[in-house]
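Novice: this one's sequence-less:
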């Protein structure tokens, strides 16, 4: 059973802190300088991985796309991508710059030509977006390259995603599945945190994560407690930019928050139920010790009404041993609130 995947040396799975992916996507608006500054700020926020989008329009869409308007844009999907896509040379430079800052750079190819171009850049992994989650020929084409694959599963059900997962299994590539809701932004009424656990149950070979299009970090953070190993969110240097994905994008401060808090939640989610060493000092005063609840003479046979448990826990007999004293005979006289000892009992 697959328990983790490794991308550019970064191990990802239940035994490792969540990987937070900052998806720049098209938020740079086609401006390489803006894209590079976004990357720079992501690095300062402690980000490990940046994700881009690779658009080669002629292989990605047909002319019909020029008449299709996404819900989160006021121009056609063709025009959105034409305005926002970097050139291939600019994309290569963005990858180089990202890696020079110590981060991992991956991208989503939206076409066969885009996947082939990314292979010339020797990307360490491929991201497949929800729109291509059931594009079997493209998934098969990417899987044949033998690199790890991160597949978002928005707009899909467990059953409709099985054919895509079968391709990844058959190719023998490591892969992750991300629960996702594809509305920008996604209100909590339609977000499925349960999707994380459903994916884990249905596809035990997969590392499971959460691709978040909601506003704010809450949903992504909650997914960590359910076992999400990857958190992907759209990212921008500032929310004052214009763009179809800006509304549900995190800025550098929120990116840092997501990285830090998700690691804390991951640690806490894996801590067993136990009394920890730092709690010992608290336990010594917070628990109760068994005491006499009245003045009792020597030889008295203890009844339930004769004793009680009171703080601090410095006494010899803890409250959880209360019932063991019933029916025992006192070897000495004690006054009310005396902490009893085992030697006091015949």
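Specialist: Yep, that arrived. Nothing here was measured: the structure is a model prediction, and the numbers come from that model.
Novice: use CA for all of it now, contacts and neighbours both
Specialist: OK.
Novice: what about residue 93, helix or strand, and which?
Specialist: Element membership of residue 93 [criterion: DSSP states H and E] is helix 88-100.
Novice: all strands for the stretch 101-250 of the chain, in order.
Specialist: 104-109, 126-128, 149-152, 175-180, 207-212, 230-234 (DSSP state E, counting those that start in this stretch).
Novice: between the ones you listed, which gets nearest to residue 253?
Specialist: strand 230-234 (13.2 Å; C-alpha to C-alpha).
Novice: packing partners for the helix holding residue 93?
Specialist: On a contact count with 3 or more C-alpha pairs under 8 Å, 6 or more residues apart in numbering; DSSP states H and E, helix 88-100 meets helix 32-44, strand 104-109.
Novice: buried stuff in the first one?
Specialist: I take that to be helix 32-44. By neighbour count on 16 or more other C-alpha atoms under 10 Å, the buried set for helix 32-44 is 32, 35-36, 38-43.
Novice: buried residues in the helix or strand hosting residue 282, which are they?
Specialist: Secondary structure assigned from DSSP H and E places residue 282 in helix 280-286. Going by neighbour count (16+ other C-alpha under 10 Å), the buried part of helix 280-286 is residue 283.
Novice: hmm, residue 332 and residue 297 touching each other?
Specialist: Yes: look at residue 297 against residue 332 with C-alpha atoms under 8 Å: they come within range, at 6.8 Å.
Novice: how about residue 289, phi and psi?
Specialist: Dihedral pair for residue 289: phi -110, psi 150, per degrees, to the nearest 10.
Novice: contacts only, for residue 66.
Specialist: Residues in contact with residue 66 (C-alpha atoms under 8 Å, 6 or more residues apart in numbering) are 76-79.
Novice: helix, strand, or coil at it?
Specialist: Following DSSP: H, G, I helix; E, B strand; the rest coil, residue 66 is assigned to helix.
Novice: what distance do you get for the closest residue to residue 180 other than its chain neighbours to residue 184?
Specialist: Excluding its sequence neighbours, the residue lying closest to residue 180 (C-alpha to C-alpha, 6 or more residues apart in numbering) is residue 154, at 4.3 Å. Distance, residue 154 to residue 184, using C-alpha to C-alpha, to the nearest Å: 12 Å.
Novice: now do the lengthiest helix in the chain, average pLDDT.
Specialist: Longest helix of the chain, by residue count under DSSP state H: helix 252-269. Mean pLDDT, helix 252-269: 98.
Novice: any regions of this structure where pLDDT drops low?
Specialist: Low-confidence segments of the chain, defined by pLDDT under 70: 1-2.
Novice: thinking again about what came up before, might one say that the residue nearest to residue 180 is in contact with residue 179?
Specialist: Yes: the criterion here is C-alpha under 8 Å, and residue 154 meets it with residue 179 at 6.4 Å.
Novice: who has more neighbours, the two?
Specialist: Using other C-alpha atoms under 10 Å as the criterion, residue 154 and residue 179 rank with residue 179 on top: 30 against 20.
Novice: and the more buried one, what is it in contact with?
Specialist: 152-154, 192-193, 195-196, 199, 208-211.
Novice: now do it against residue 110, distance only.
Specialist: Residue 179 is 19 Å from residue 110, by C-alpha to C-alpha.
Novice: next, the residue nearest to residue 180: phi, psi?
Specialist: Residue 154 has phi and psi values of phi -60, psi 150 when expressed as degrees, to the nearest 10.
Novice: ok, it - contacts?
Specialist: Residue 154 touches 130-131, 133, 179-182, counting by C-alpha under 8 Å, 6+ apart.
Novice: which parts of the helix holding residue 93 are buried?
Specialist: Here helix 88-100 shows 90-92, 94-95, 97-98 as buried, counting by 16+ other C-alpha under 10 Å.
Novice: can you put these in TSV and add distance to residue 119?
Specialist: Putting these into TSV (distance: C-alpha to C-alpha, whole Å) gives the following:
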residue	distance to residue 119
90	16
91	13
92	11
94	15
95	13
97	18
98	17
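Novice: quick one, domains of the protein?
Specialist: 11-270, 277-344 (the TED database).
Novice: compute the first-to-last residue distance for the first one.
Specialist: Counting by C-alpha to C-alpha, you get 17 Å between the two ends of domain 11-270.
Novice: quick one on the thing from earlier: so which of the contacts of residue 179 wins on neighbours?
Specialist: That'd be residue 209 among those, by other C-alpha under 10 Å, with 34 neighbours.
Novice: for beta bridges, what are the partners of that residue?
Specialist: Beta-bridge pairing for residue 209 (DSSP bridges): residue 178.
Novice: that one and residue 175 touch, don't they?
Specialist: No: taking contacts as C-alpha under 8 Å, residue 209 lies outside contact range of residue 175: 10.8 Å.
Novice: for stretch 68-82, buried residues please.
Specialist: Applying 16+ other C-alpha under 10 Å to stretch 68-82 flags 76-81 as buried.
Novice: what's the span of that stretch, first residue to last?
Specialist: End-to-end distance (C-alpha to C-alpha), stretch 68-82: 14 Å.
Novice: residues making contact with it?
Specialist: In contact with stretch 68-82 (C-alpha under 8 Å, 6+ apart) are residues 26, 55, 57, 61, 65-67, 184, 243-245.
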